[in-house]
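Novice: please find the sequence and the predicted model below.
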Amino acid sequence: MIATATVALLLAGALGWGLALERWAGIPKAAAERLTRALILGFGLLGWLGFFIALGQRLDPLTLASIPVLGLPGLLRLRHAPTPRAAPTEFGPWTWALVAVIAALVAGDVLEGLSPPADADSMAYHFASPKLFLRNGGLFFIPRASDGAAPLLPQMTYMLALGLGGERAMTLWCMASGWFLPLATFAYGRRHLSRDWALAAAAVVMSLPAVLYGAGSGQVETRVAAFVLVSAFAAVDALRTRSLRAAMVAGLAAGLFLAAKFIGLLFVAAVGLVLLAGPGWLARALVFAAAALAAGSQWYAWNWWNTGDPVFPMLFGLLPYKAGVPWSADQAEYLRTTFFAAEKAVPQTLLWWLAYPVRVLVDSNDTFEAGRTGLGPFPLLAAPFALAGAWRFRERLKHSPLLPLTAIAILFYTLWFFLGTSQRVRFHLPVVPLAVIAMLAAAQAGTRGRASRPALVAAIIATLGLQLGAQGILALNYGRRLLAGEDRAAFMARNLPAYSVVTHLNATLGRESTVLTGQRELIYLFDIPVFYGHPHVEARIDLRDTNTDWEKFWRQLQSQRITHVLLGPFPEPDSTGAAGLVMLTDRLVAEKCGERTETLETTRLASRALRSAGTEVPVYYRLIRLTPSTCPIPAR
Amino acid sequence: MSRGAEMILSWLWIVAALVAFLAQFDSLAASLLALVGRS
C-alpha cells in the first residue's frame, strides 16, 4: 500500500513538475505529446532535485517527500488541456491487436515490478548507491571508475522511492518509469505515423530485448532514451520554427541525459552539432548549451570538486588531481588496457563503423551482449523498406524533420563508436527509438500501395511475436514467484547465488565490521558496511594481477578499516587463486594476518530466466577474518 | 521493378533476415528446448 502510494505520488509529482516546466518553457503541442513530455521532464526534475537534497545531507522522509509534493500544484495545468489533434476514430482489428500486445508486455513488466530486484548492475550501484546514500543520510563520493563516480540522476529518483516507500516502491517506480519510453515513442511517433503505426512503433520499442532487460531494473538506458526523444524532437522544432524556447527544451532534456550517463556528453555534442545548421545557429546553440549545463552539470561539478576531474578518472594525466585522490598512472593504464580493451570486439575503423550496426544484429557474442540485451530483429527486417522509402521520397528528404532526427542518431552512434569505451549494443539504446520512428515512417511511406507492404507488416508481426516470447520467458521467473507464493528471501536465494551468504554475514557480523568483497552484485544485499574491491576500477585497494605485495595489501585493508574478506565463488571449498584478491588474501592467512572462519556453500544458476537441467552447480565462499594481533606487520 | 518481383524480393528478405537473426541463438534454443522438456 505504501509502495503503491509512493509510486502514485512520484508519478503525480513528476507530471506536476513537468507541466509547470512546460508552462515556463511555453511550448504548446498535441495532447499526448505534451503530457508525455511533461512526465519525462518531471521525472528528470525529480532526479535533479534529489541530487541537491542528497548533497545537503537532507535525506529525511519529510525532505524526500517534499520533492514530489512541491510538484503537485503543477497538476492544475491539466485544466488547460489542449484540444486533441483529431477526433478519435474507432479501433480497428490492428489497433486492438497492438493494444493486446502492449497489454501483455505491461503484464510482464508488472510481474517484474512486484518482484525484488535481481539484476547484477542494479545490485551493484543503480539500487545499491541510493541505499548507501540513504543509510549515510546524504551523498558521499565513491572514488570508483565507471559506476562509483558516475552521473546518477535516475538513481536519485530511485532514492526517493526507496526512502519513501521501501524496496517494493523502488521496483514499481522502475517499472512505471520504464514505460515513459514507449509512451514517448507513441506520442512523438504520431508526428509521422498514423495511430496504428505509432502503436506498432511503441510496441516494437517496448519489447526490444535491451528494453525488456533494462526497463524494469535500475538500468538507465530506457529512461535516458525517453530524454533523447524529448530532446531530439525539440531540436527539430527549434530548427523548423527558430524557437529558442524549443532549443531550451532540447538542452534541458539533453542535460538530463548528461546527468544520467557520461555518454550524455556525446549526445549533447550530437544535438549541438545539428542545431548549428541554418540561420540563427549561434543563439540556438548558446541557449541549448546553457540549458544542458543547467540540467546536467551537477554530477560533473561533484566529481571535479572531489577529484579535480569532472569525468573521473578519464582525464587522469590531463588535469591536475587533488592530493590524495586514489588513482595513479599505473591504474589508468591498467584500466585502459584491460577493462576497456575487453569491451571491444571489433576495431574502431571506418569499415567497422559501417559494419557494426549489422554485425550486432546477427552476432550475440559476449562483448556485444546482443542476444539477450540487443535490438531484436526489427532493424534488420525493416532496413531495406526504410531505405527504399527514403529513396522514393528523396526529393522531400532535404526538408523532412526526419533528417535532423536521423542525423542526431547517426552522430551519436559515430561519436560513441570512435570515442566510446564499450561496444555493448545496449549502450546505443538511447538513440534506437529515434531510429525506429524514422525507419517506420520511411518504410510505411515507401511501401504504401505497393507489393512490398505485406512483407513489411509481416516484419512487424514477426518482431513482436519473437519479442513477446522473450518477455514471456523473462516473466516466467517473476510469475513463478507469485504462483509459488515465494517470499523475498526465497526469490533472492533463487536468483542470487550469494544471497544466503550475505544474509548470514548480516546476521552474524556487527555494524563495526567491514567486509571486502569482489562481487559487485552483493553490495545492495549488505546491511553492514561493505567495500567493493575491483582490480580495474578501484585503486584504494590494489587488486591488480600485477600486485603481489601482500604487505601493501594489508596496509590498504587497514586504511579502509576492513575486518573481513569474503572470497568466492569457488568450484571447490579450497580453490586457490594465482593472483589478485584470492592470492593476496591467502598470503595474509599464511602470514598469520587472517584466519578462515567459515566456508559457506550455495548454488549458482547459469541464467535467471532459462534454468534447464544441469545449470545449477554448487559454489563455495570463504570468509576470512583479519587478525591484526597476530600479524607481523606493525600497525601504523 | 514489377509488382511481382518486388513482392518476391521483399518476402525473400524477410525470410533471409529472420534466419540470419535467429541463427545466433543456437544455445538459447537449446535452453528453451530443455525448458519445454522439463515442463
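Specialist: In hand now; what should we look at?
Novice: measure A:A341 to chain B for me?
Specialist: Plainly put, A:A341 is 24 Å away from chain B if you go by C-beta to the nearest C-beta, to the nearest Å. Bear in mind the C-beta positions are built from the backbone N, C-alpha and C, glycine included.
Novice: in chain A, what helix or strand scores lowest on average pLDDT?
Specialist: One helix or strand of chain A scores below all others by mean pLDDT, DSSP states H and E: helix A:341-342, with a mean of 83.
Novice: what's that one packed up against?
Specialist: Under the contact criterion of 3 or more C-beta pairs under 8 Å, 6 or more residues apart in numbering or on different chains; DSSP states H and E, helix A:341-342 touches no helix or strand at all.
Novice: who's in contact with it?
Specialist: A:T367 (C-beta atoms under 8 Å, 6 or more residues apart in numbering or on different chains).
Novice: swap the cut-off to 7 Å and go again
Specialist: With contact meaning C-beta atoms under 7 Å, 6 or more residues apart in numbering or on different chains, helix A:341-342 is reached by no other residue.
Novice: report the buried residues of whatever helix or strand comes next after that helix.
Specialist: Reading on from helix A:341-342 to the C-terminus, the next helix or strand found by DSSP states H and E is helix A:350-362. Within helix A:350-362, the residues that count as buried by 16 or more other C-beta atoms under 10 Å in any protein chain shown are A:Y356, A:P357, A:R359, A:V360, A:L361, A:V362.
Novice: residues near A:L483, how many?
Specialist: By the measure other C-beta atoms under 10 Å in any protein chain shown, the count of residues near A:L483 is 9.
Novice: do A:G165 as well
Specialist: Neighbour count of A:G165, defined by other C-beta under 10 Å: 23.
Novice: okay, and the nearest residue to it once chain neighbours are set aside sits in which element?
Specialist: Nearest in space to A:G165, with sequence neighbours left out and distances taken as C-beta to C-beta, 6 or more residues apart in numbering or on different chains, is A:T6 at 2.9 Å. Element membership of A:T6, judged by DSSP H and E, is helix A:2-25.
Novice: what's the mean pLDDT across that helix?
Specialist: What helix A:2-25 shows for mean pLDDT is 95.
Novice: pick out the residue of the stretch 1-150 of chain A closest to chain B.
Specialist: A:G108 (16.4 Å; C-beta to the nearest C-beta).
Novice: mind checking pLDDT for that residue?
Specialist: Predicted confidence (pLDDT) for A:G108: 96.
Novice: count the neighbours of it for me.
Specialist: Neighbours of A:G108 using other C-beta under 10 Å come to 22.
Novice: that one contacts A:Q471, doesn't it?
Specialist: Yes - A:G108 lies in contact with A:Q471 (C-beta atoms under 7 Å); the separation is 4.4 Å.
Novice: show me where chain B has its strands.
Specialist: Secondary structure of chain B (DSSP state E): no strands located.
Novice: oh, that last question was meant for the stretch 451-600 of chain A, not what I typed.
Specialist: A:515-517, A:530-532, A:564-570, A:594-605 (DSSP state E, counting those that start in this stretch).
Novice: dump those into a markdown table; add mean neighbour count, distance to chain B and mean pLDDT as well.
Specialist: Converted to a markdown table, those look like this (neighbours: other C-beta atoms under 10 Å in any protein chain shown; distance: least, C-beta to the nearest C-beta, whole Å; pLDDT from 0 to 100):
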| stretch | mean neighbour count | distance to chain B | mean pLDDT |
| --- | --- | --- | --- |
| strand A:515-517 | 24 | 29 | 98 |
| strand A:530-532 | 22 | 30 | 97 |
| strand A:564-570 | 22 | 21 | 95 |
| strand A:594-605 | 16 | 12 | 90 |
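Novice: and these: which comes nearest A:A215?
Specialist: strand A:594-605 (22.1 Å; C-beta to C-beta).
Novice: can I get the closest one as PDB, trimmed to CA atoms?
Specialist: Below are the C-alpha coordinates for strand A:594-605, written out as PDB (Å, rounded to 0.1, in the frame of the first residue of the first chain):
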ATOM      1  CA  GLY A 594      44.000 -13.500   8.800                       C
ATOM      2  CA  GLU A 595      42.200 -16.800   9.500                       C
ATOM      3  CA  ARG A 596      39.400 -18.600   7.700                       C
ATOM      4  CA  THR A 597      36.400 -18.500   9.900                       C
ATOM      5  CA  GLU A 598      33.800 -20.100   7.700                       C
ATOM      6  CA  THR A 599      33.300 -21.900   4.400                       C
ATOM      7  CA  LEU A 600      29.800 -21.400   3.000                       C
ATOM      8  CA  GLU A 601      28.200 -23.500   0.300                       C
ATOM      9  CA  THR A 602      25.500 -22.300  -2.100                       C
ATOM     10  CA  THR A 603      24.400 -22.900  -5.700                       C
ATOM     11  CA  ARG A 604      24.900 -20.900  -8.800                       C
ATOM     12  CA  LEU A 605      22.500 -20.600 -11.800                       C
END
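Novice: residue 16 - how many residues pack around it?
Specialist: Since no chain was named, I'll use chain A. Other residues within reach of A:G16, judged by other C-beta under 10 Å, total 25.
Novice: the chain in question should be chain B.
Specialist: Per other C-beta under 10 Å, the neighbour tally for B:A16 reads 12.
Novice: low-confidence ranges in the chain?
Specialist: By default, I'm working from chain A. Within chain A, the set of residues satisfying pLDDT under 70 comprises A:28-29, A:81-87, A:605-615, A:635-636.
Novice: wait, I meant chain B there
Specialist: B:27-39.
Novice: all helices for it, in order.
Specialist: Per DSSP state H, chain B carries helices over the ranges B:3-22, B:26-38.
Novice: the first one near chain A at all?
Specialist: Yes - counting by C-beta under 7 Å from any C-beta of the partner chain, chain A has neighbours in helix B:3-22: B:R3, B:E6, B:M7, B:S10, B:W11, B:W13, B:I14, B:A17, B:L18, B:A20, B:F21.
Novice: including neighbour count, could these go into TSV?
Specialist: Putting these into TSV (neighbours: other C-beta atoms under 10 Å in any protein chain shown) gives the following:
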residue	neighbour count
B:R3	10
B:E6	17
B:M7	17
B:S10	22
B:W11	15
B:W13	19
B:I14	23
B:A17	22
B:L18	18
B:A20	15
B:F21	22
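Novice: can you put the residues you listed in CSV and add distance to A:G376?
Specialist: Formatted as CSV, the residues of helix B:3-22 next to chain A follow (distance: C-beta to C-beta, whole Å):
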residue, distance to A:G376
B:R3, 29
B:E6, 25
B:M7, 25
B:S10, 19
B:W11, 20
B:W13, 16
B:I14, 14
B:A17, 12
B:L18, 11
B:A20, 13
B:F21, 8
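Novice: can I assume A:K131 is in contact with A:Y524?
Specialist: Yes - using C-beta under 7 Å, A:K131 is in contact with A:Y524, at 6.0 Å.
Novice: shared neighbours of these two, anything?
Specialist: Common contacts of A:K131 and A:Y524, defined by C-beta under 7 Å, 6+ apart, are absent altogether.
Novice: so which bits of the lengthiest helix in chain A are buried?
Specialist: Ranked by residue count under DSSP H, the longest helix found in chain A is helix A:453-484. Using 16+ other C-beta under 10 Å as the test for burial, helix A:453-484 gives A:453, A:455-456, A:458-460, A:462-464, A:466-468, A:470-471, A:473-479, A:481.
Novice: figure out how far it is from the centre of its chain.
Specialist: For helix A:453-484, the distance from its own C-alpha centre to the chain's C-alpha centre is 22 Å (C-alpha atoms, centre = their mean, to the nearest Å).
Novice: by contact count, what packs against that helix?
Specialist: helix A:93-113, helix A:195-206, helix A:209-214, helix A:378-392, helix A:432-447, helix B:3-22 (3 or more C-beta pairs under 7 Å, 6 or more residues apart in numbering or on different chains; DSSP states H and E).
Novice: ok, which of those comes nearest A:R223?
Specialist: Across the helices and strands packed on helix A:453-484, closest to A:R223 is helix A:209-214 (C-beta to C-beta), at 8.9 Å.
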